[in-house]
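**Q** Here is my input; please provide its structure:
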Amino acid sequence: MSSHPVETYLKDLGEIYRTGGGVAEESYYGPLESLLNEIGRKLKPRVRCVAQLKNTGAGEPDFGLYTANQFQRDKDAKPMEGQQPERGVIECKPWDDDSFARTESVQVSGYWQKYGLVLVTNYHDFVLIGRDDRGKPIRLESFRIAQNENAFLGMLAQPHKAAQNNGERLVECLRRTMMHAAPLTDPQDVAWFLASYAREARARVEETPEPPALEGLKKGLEEALGMKFEGEKGQHFFLATLVQTLFYGVFSSWVLWCRENWSRPEAKFQWHDAAWTLHVPMIASLFDQIATPTRLKPLGIDEVLDKAGIVLNRVDRPAFFSRFEQEHAVQYFYEPFLKEYDAELRKELGVWYTPPEVVQYQVERVDRVLREELHIADGLADEHVFILDPCCGTGAYLVETLKRIHKTLKEKGRSALTAQKLKTAASTRVFGFELLPAPFVISHLQIGLMLRLLGAPFNLESNERAGVYLTNALTGWEPLKEPKDLLPWPDLREERDAANNVKCGTEILVILGNPPYNGYAGAAIEEERDLVTAYRSTKRAPKPEGQGLNDLYVRFFRMAERRIVEKTGKGVICLISNYSWLEGQSHTGMRERYLEAFDHIWIDCLNGDKYKTGKLTASGDPDPSIFSTESNREGIQVAPPSHCWS
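**A** As a prediction, the model looks like this:
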């Protein structure tokens, strides 16, 4: 297995140093050039580091960063003379000169006036200086792998350990440096930039002792969501989710801000004002809890958010939004962001993109069952049909449900009330529950954009909002016998109370979605753990064996069954699952109960489980999972038939 590029860089620097024959700067050009070229070759377009540029009027820079389109491709043609390196130049300093890195003020390199983008480095400190909107120098990137020369010498003696500790953060900084002058038009490139900054923010948070303000926020979320963030894994989950929420909040606010300022291309977005744009009280309040200066300063991430704001203001808005179709926001941004931000966390949470074709099919199937089996002529559009996605994630099922309602309303004849009826449905009939704050933010963004596209936008001056609530869908379905706990901030209490009103006071007729199959890094409370007790005994079927009932999706099945069968008394459940409950020895009581409880059970095999199908077509060609995407070609590891019950 090849070494990490930073390990190779430090190892090569150390070997040159130990010869005793090197000079302060020039002797170490080679390892730095190799490191930059290793990072640059993976970019699109590729970036090449060229050493010791000629003097074009401002001296001879140590390096220049050129993109592939600056190379003369015709081997017989002369090189293109006089080109400035598109991604800036590099100025090297001796190891003991760290004045440029230690000062808070921006020290302008001698090359800044000529090239506008200069990376200054002493081989262990890296500072990128560019221009702000007024043409003044600004520090765009900075990272240090050692606090001083002596610490750096210690790293050269242990390059593997040093690369493990700080290698990825250095690579991220240098990659962002090489991309700072690149045009930003692709949503996935924007997602990468923000995910890169989010990783840096998370690293800073995790290496800082937790301030009391975050401890209070953690306890508040634990009480509101009915779970505990316990141990190292729980703490990582809490902090990773917090940072993710912060960056989604900034991004969502930027999207809405761009729509409001479409005719003002000169306007600049200020991330500090994001809470004003996020008009859902719970989101704005959560953002405020994280993003106020008194909380950000101790964590050291206000600087990272400033840099993220600079990147968002670099985006070519018309080009970006021509690709960032509202209904594809998740595919173009959320999934690439989460993949880059924390791939392991994404896998642990079972956060996967459900293909729109699957979502559309399920919504249409439910609409047809409502009409044909329950004799509700307008299906999902009927004003007495209440719908819930108990694990709504980024809102795909809610958006598709609202689209289906809009289609029915149009078919009945467009009127001045069509938009109002759609908005009322989004607020009072189409509900989503979500446990994770980050996708909760995105679901509100998705629904808000979709309503705006359909001519039914929420009034930002009022308290209008989508019926999506931050709550644990597996708890709180019975009225409390004791007084409610006092949560630390009012909007969190209001969010919990609103979610509980849906759970206890609404005749839910439809439950649909794609439940998670893995548990969160939090300890469930007793009410959630006891959900599947009803499936642990049988009347005629063999007794359950094994641990299969511990799968998280089974709890969602039981929640849905109990809500429709025991509470409403009629309705439709349409959920995605893996195969296990259909044939597992653990699920005998589950299958027996459904045969007794439901009038009809339809099972659609989506051919999503690679272990069941072999993932080859009849002709022997690869047959990717139905859940495969560009950024996740393997799809869900264990995946589904879908089920519709009435």
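**Q** Could you count how many residues lie near Met179?
**A** Close neighbours of Met179, defined as other CB atoms under 10 Å, add up to 20. Heads up, the C-betas are built off the backbone N, CA and C, glycines and all.
**Q** And the closest residue to it other than its chain neighbours, how far from Val108?
**A** Spatial nearest neighbour of Met179, chain neighbours left out: Leu43 (6.7 Å); criterion: CB to CB, 6 or more residues apart in numbering. For Leu43, the distance to Val108 (CB to CB, to the nearest Å) stands at 27 Å.
**Q** Tell me how many other residues crowd Gly14.
**A** Using other CB under 10 Å, Gly14 is surrounded by 17 other residues.
**Q** Extract the C-alpha trace of whatever helix or strand it lives in and format it as PDB.
**A** Taking DSSP states H and E as the definition, Gly14 sits inside helix 5-19. Extracted in PDB, the C-alpha atoms of helix 5-19 (Å, rounded to 0.1, in the frame of the first residue of the first chain):
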ATOM      1  CA  PRO A   5       1.500  11.900   0.200                       C
ATOM      2  CA  VAL A   6       2.200  14.000   3.400                       C
ATOM      3  CA  GLU A   7       4.200  11.100   4.900                       C
ATOM      4  CA  THR A   8       6.300  10.900   1.700                       C
ATOM      5  CA  TYR A   9       6.700  14.700   1.800                       C
ATOM      6  CA  LEU A  10       7.900  14.700   5.400                       C
ATOM      7  CA  LYS A  11      10.100  11.700   4.900                       C
ATOM      8  CA  ASP A  12      11.900  13.300   1.900                       C
ATOM      9  CA  LEU A  13      12.400  16.500   3.700                       C
ATOM     10  CA  GLY A  14      13.900  14.700   6.600                       C
ATOM     11  CA  GLU A  15      16.300  12.700   4.400                       C
ATOM     12  CA  ILE A  16      17.500  15.900   2.800                       C
ATOM     13  CA  TYR A  17      17.900  17.600   6.200                       C
ATOM     14  CA  ARG A  18      19.900  14.700   7.600                       C
ATOM     15  CA  THR A  19      22.500  15.000   4.800                       C
END
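**Q** Could you give the average pLDDT over the following helix or strand past it?
**A** From helix 5-19 onward toward the C-terminus, using DSSP H and E, the following helix or strand is helix 29-40. The predicted model assigns helix 29-40 a mean pLDDT of 97.
**Q** now the angle between helix 5-19 and helix 29-40, please.
**A** On the basis of axes from the mean of the first three to the mean of the last three CA atoms, to 10 degrees, helix 29-40 is oriented at 180 degrees to helix 5-19.
**Q** before we move on, the earlier item: distance from the chain centre to the helix holding Gly14, please.
**A** Centroid displacement of helix 5-19 relative to its chain, using CA atoms, centre = their mean, to the nearest Å, is 36 Å.
**Q** So what touches that helix?
**A** Contact with helix 5-19 is made by 3, 22, 27-28, 30-32, 34-35, 38-39, 123, 145, 153, 155-157, 159-160, 162-163, 166-167, 170-171, as judged by CB atoms under 8 Å, 6 or more residues apart in numbering.
**Q** So Ser109 lies in a helix, does it not?
**A** No: using DSSP: H, G, I helix; E, B strand; the rest coil, the assignment for Ser109 is coil, not a helix.
**Q** give me every residue that touches it.
**A** Taking CB under 8 Å, 6+ apart, we find Ser109 in contact with Glu91, Val118, Val120, Ile129.
**Q** ok, then the element right after the helix or strand of the chain at the bottom of the mean pLDDT ranking?
**A** Ranked by mean pLDDT, DSSP states H and E, the weakest helix or strand in the chain is strand 523-524, scoring a mean of 50. Moving toward the C-terminus from strand 523-524, the next helix or strand (DSSP H and E) is helix 526-529.
**Q** pLDDT weak spots in the stretch 401-550 of the chain?
**A** 414, 460, 480-489, 518-525 (pLDDT under 70).
**Q** Just the buried positions in the top helix by length along the chain, please.
**A** When the chain is parsed with DSSP state H, its longest helix is helix 231-260. Of the residues in helix 231-260, 234, 236-259 count as buried by neighbour count, 16 or more other CB atoms under 10 Å.
**Q** Which neighbouring elements make contact with that helix?
**A** With contacts taken as 3 or more CB pairs under 8 Å, 6 or more residues apart in numbering; DSSP states H and E, helix 231-260 sits against helix 187-206, helix 212-225, helix 274-277, helix 281-291, helix 302-314, helix 335-341, helix 343-349, helix 437-453.
**Q** For the helix holding Gly14, buried residues please.
**A** Residues of helix 5-19 classed as buried: Pro5, Val6, Glu7, Thr8, Tyr9, Leu10, Lys11, Asp12, Leu13, Gly14, Ile16, Tyr17 (neighbour count, 16+ other CB under 10 Å).
**Q** With stretch 56-64 instead?
**A** Buried residues in stretch 56-64 (16+ other CB under 10 Å): Pro61, Asp62, Phe63, Gly64.
**Q** Take those residues and keep only those in helices.
**A** Assignment to helices by DSSP H places none of the buried residues of stretch 56-64 there.
**Q** Show only the entries of the residues you listed found in strands.
**A** In strands, judged by DSSP state E, the following of those are found: Phe63, Gly64.
**Q** of all the buried residues of stretch 56-64, which two lie farthest apart?
**A** The most widely separated members of the buried residues of stretch 56-64, counting by CB to CB, are Asp62 and Gly64 (8.8 Å).
**Q** So for the two, which residues contact both of them?
**A** Shared contacts of Asp62 and Gly64 (CB under 8 Å, 6+ apart): Leu53, Val89, Ile90.
**Q** For the second one, which non-adjacent residue is spatially closest?
**A** The shortest distance from Val89 to any residue other than its chain neighbours is 3.8 Å, reached at Pro61 (CB to CB, 6+ apart).
**Q** Look up phi and psi at that neighbour.
**A** phi -60, psi 150 (degrees, to the nearest 10).
**Q** same thing with Thr121?
**A** Dihedral angles (degrees, to the nearest 10) for Thr121: phi -150, psi 150.
**Q** Which strands or helices does whatever helix or strand Tyr66 lives in pack on?
**A** Assigning secondary structure by DSSP H and E places Tyr66 in strand 63-67. Contacts defined by 3+ CB pairs under 8 Å, 6+ apart place strand 63-67 against helix 29-40, strand 47-51, strand 89-92.
**Q** List of residues touching it?
**A** Residues contacting strand 63-67 (CB under 8 Å, 6+ apart): 29, 32-33, 36, 40, 45-53, 83-90, 92, 119, 178.
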